[in-house]
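Enquirer: Starting from these lines, generate the structure:
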Amino acid sequence: NESSISKPAKRFIMYFEEAKTIYMKMHECDRVTQKTMVAWYNEKFHSSLTEASLSKYLKGINEIPIEIYVNMKELARIEDVFCGVSASREEYDIAASLKESLEFIEDEVEYICQNDEFKLVCGEQIQQVIKAFMAYCQYSVNRDYALAISKLQELQNVIYNMENKMAESNKMKDMPVNKLMVQMGIPMILSMALQAVYNIVDSAFVGNMRVGSEAALNALTLVFPVQMLMVAVGIGTGVGTNALLARTLGQGNSKKAAKVAGNSLFLGVFIYVVCLLFGIFGVKAYISSQTVDTEVLEMGVSYLRICCIISFGIIFFSLFEKLLQATGRSLYSTIGQVVGAVVNIILDPIMIYGIGPCPEMGVKGAAYATVVGQVASAVLLFIFHIKLNKEFEHGAKYMKPDAGVIKEIYAIGLPAIIAQALMSIMVYVMNLILKFNPAAQTAYGLFYKVQQFVLFLAFGLRDAITPILAFAYGMRSKKRIQDGIRYGLSYTIALM
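Expert: Next up, the predicted model:
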């Protein structure tokens, strides 16, 4: 639990500050003879230490590169001797405290290295602790005190990171479900609302074009179903990944969690290739099935081709968003979405109307502004994912497709894809029915974009409920599952 790391962290910090003082003092002192050291040590501690055994201690540290606990014990005694012989009473008191801290560190590092929860959440940091402490021991023996102090500072940073990660992990496990759902749900609702804003913003700016604004609005209405289908497939795959990853982490299976994350990225590559091929070969046939107006056809093809060919932004944003949400970091996914929306809003008038050095591009400008915003979001979330999601390993080796994992992802994600894809199909069918009435098509498209904004609020709350229930299921916590269902239904009813 959280207290198991908070207390050691405080003791470590105390030790670092004391050690800095001691090392600076030791650096100023000449090495005393072994005979004087032994005499002082035996008198002070009523010990029978011999010069030969002291030499053995000094030599032994260099001969035991792996036995970290032996190093700590021996180093504690030697530091005590070094500092005590030529030190003032105040310095001796610090040295004695250092020895106590070193012995305490031995117990704590042993606990951390053997604790399964620490291994799961902070496995990488544990290796850093051991590596840094081994280096510290070596530098201390060689009397490279400046380097020793730098290693102590490195240890301090690692311990702080471990404390933060343990607190983050405990949030999904220990925080009351109603509070957790609000904390995770608000950023996700905002994220989904911003997702709907993309299309509304484009329509708003395109509708104010000096020439061809009505045709441009009609073109955006025709491309809307494919845009939503791409979002549906990306988000649906992400929802499946989100739930499976949260459940796997709840079970404590970090190896499978890495595989789930890696396979989701493989699926992202596959989805992008399909969108790319459609953008190159299928766009014109799709738009022409809904209109007979050549101007609308040209605008629709231009806009949708750009969105499909550069669709990796929206696809991988959707996946990284769900990977962050699965570990309880929904705030960071919202930050990425906000950045993308702001980029889109800034670039839309510049590229559509041709402000400053940018030429006037009309509908193409709206498409480029959209995909640039999506790529900016995806890149930012990729950085957050790599930096923050340390509960499992990252690497290309985990992207190797695993049929079992992919099946589990879509067992959860496919219903979400179908639910959102049906809305795209509905709009497409309405466009076919209204093919010879462009004004009616445009009016219906604008109405549906506004309606979608409201629906996406509920989708955002759904995305908060999914990882909470999945994590609770992985923990086999019946109470948290029941609380999640109860509060999820209540909040959804209130929201709608």
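Enquirer: Residues in contact with the helix or strand residue 488 falls within: which ones?
Expert: Per DSSP states H and E: residue 488 is located in helix 478-495. Helix 478-495 is contacted from outside by 176-178, 181-182, 185, 189, 457-458, 461-462, 465, 468-469, 472-473, using CB atoms under 8 Å, 6 or more residues apart in numbering. The way it works is simple: take the backbone N, C-alpha and C, and place the C-beta from them, glycine included.
Enquirer: Equivalent analysis for stretch 395-414, please.
Expert: 236-241, 243-244, 256, 258-267, 269, 466.
Enquirer: Alpha carbons only: can I get it in PDB?
Expert: Extracted in PDB, the C-alpha atoms of stretch 395-414 (Å, rounded to 0.1, in the frame of the first residue of the first chain):
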ATOM      1  CA  GLY A 395       9.000  -2.500 -27.700                       C
ATOM      2  CA  ALA A 396       8.500  -3.700 -31.300                       C
ATOM      3  CA  LYS A 397       8.800  -7.300 -30.200                       C
ATOM      4  CA  TYR A 398       5.400  -7.000 -28.500                       C
ATOM      5  CA  MET A 399       3.800  -5.900 -31.800                       C
ATOM      6  CA  LYS A 400       4.100  -9.400 -33.200                       C
ATOM      7  CA  PRO A 401       0.500 -10.400 -33.900                       C
ATOM      8  CA  ASP A 402      -1.000 -12.900 -31.400                       C
ATOM      9  CA  ALA A 403      -4.400 -14.300 -32.600                       C
ATOM     10  CA  GLY A 404      -5.500 -15.000 -29.000                       C
ATOM     11  CA  VAL A 405      -4.900 -11.400 -27.800                       C
ATOM     12  CA  ILE A 406      -6.400  -9.900 -31.000                       C
ATOM     13  CA  LYS A 407      -9.500 -12.100 -30.500                       C
ATOM     14  CA  GLU A 408      -9.800 -10.900 -26.900                       C
ATOM     15  CA  ILE A 409      -9.500  -7.300 -27.900                       C
ATOM     16  CA  TYR A 410     -12.300  -7.500 -30.500                       C
ATOM     17  CA  ALA A 411     -14.500  -9.600 -28.200                       C
ATOM     18  CA  ILE A 412     -14.800  -6.400 -26.300                       C
ATOM     19  CA  GLY A 413     -14.200  -3.800 -28.900                       C
ATOM     20  CA  LEU A 414     -16.300  -5.100 -31.800                       C
END
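Enquirer: Run through the residues that contact residue 293.
Expert: Counting by CB under 8 Å, 6+ apart, residue 293 has contacts 215, 218, 438.
Enquirer: just checking, the last one touches residue 297?
Expert: No: in this structure, residue 438 sits apart from residue 297 without contact. The criterion is CB atoms under 8 Å, and the distance is 11.3 Å.
Enquirer: between those two, which one's more packed in?
Expert: residue 438 (21 against 18; other CB atoms under 10 Å).
Enquirer: and the residue nearest to that one when sequence neighbours are not counted, which of the three is it?
Expert: Closest residue to residue 438 apart from its sequence neighbours, by CB to CB, 6 or more residues apart in numbering: residue 218 at 4.8 Å. Here residue 218 is helix, with the state taken from DSSP: H, G, I helix; E, B strand; the rest coil.
Enquirer: Wait, residue 218 touches residue 291, no?
Expert: Yes: when contacts are counted by CB under 8 Å, residue 218 is listed as touching residue 291 (7.2 Å).
Enquirer: Which neighbours do the two have in common?
Expert: Joint contacts of residue 218 and residue 291 (CB under 8 Å, 6+ apart) are 438, 441.
Enquirer: Please identify the buried residues of the helix holding residue 488?
Expert: 480-481, 483-484, 487-488, 491 (16 or more other CB atoms under 10 Å).
Enquirer: Can you convert the residues you listed into CSV and add a column each for distance to residue 273 and pLDDT?
Expert: Compiled in CSV, the buried residues of helix 478-495 are given as follows (distance: CB to CB, whole Å; pLDDT from 0 to 100):
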residue, distance to residue 273, pLDDT
480, 39, 89
481, 38, 90
483, 41, 90
484, 36, 89
487, 40, 90
488, 35, 89
491, 38, 89
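Enquirer: Closest one of those residues to residue 362?
Expert: The closest of these to residue 362 turns out to be residue 491 (CB to CB; 42.0 Å).
Enquirer: Distance of the closest one relative to residue 194?
Expert: Separation of residue 491 from residue 194 (CB to CB, to the nearest Å): 19 Å.
Enquirer: give me the low-pLDDT residue ranges for the protein?
Expert: For the chain, the stretches with pLDDT under 70 are 1-171, 199.
Enquirer: What ranges does it have for its strands?
Expert: In chain order, the chain shows no strands, with DSSP state E as the criterion.
Enquirer: so residue 213 makes contact with residue 205?
Expert: No: with contact defined as CB under 8 Å, residue 213 does not reach residue 205; the gap is 9.8 Å.
Enquirer: neighbour-wise, which of these two wins?
Expert: Of the pair residue 213 and residue 205, residue 205 is the one with more neighbours under other CB under 10 Å, namely 21 against 15.
Enquirer: residues contacting the more buried one?
Expert: 348-349, 352-353, 366.
Enquirer: any idea what sits nearest it, other than its immediate chain neighbours?
Expert: residue 348 (4.5 Å).
Enquirer: how many other residues sit next to the one you found?
Expert: 22.
Enquirer: that older thread, save the buried residues of helix 478-495 as TSV, and put in distance to residue 360 too.
Expert: Formatted as TSV, these follow (distance: CB to CB, whole Å):
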residue	distance to residue 360
480	55
481	55
483	55
484	51
487	50
488	47
491	45
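Enquirer: And the residues you listed, which is closest to residue 339?
Expert: residue 491 (26.6 Å).
Enquirer: Could you report the separation of the closest one from residue 368?
Expert: 38 Å.
Enquirer: and if you look at residue 244?
Expert: Distance from residue 244 to residue 368, by CB to CB: 35 Å.
Enquirer: Settle it for me: which of these two has more neighbours?
Expert: Legend: neighbour count by other CB under 10 Å for residue 244 and residue 368, higher for residue 244 (28 against 22).
Enquirer: Pull the contacting residues for that one.
Expert: For residue 244, the contacting residues are 260, 405, 408-409, 412, 470, by CB under 8 Å, 6+ apart.
Enquirer: try it again with 6 Å
Expert: 260, 408-409 (CB atoms under 6 Å, 6 or more residues apart in numbering).
Enquirer: Just among these, which is most surrounded?
Expert: residue 260 (29 neighbours).
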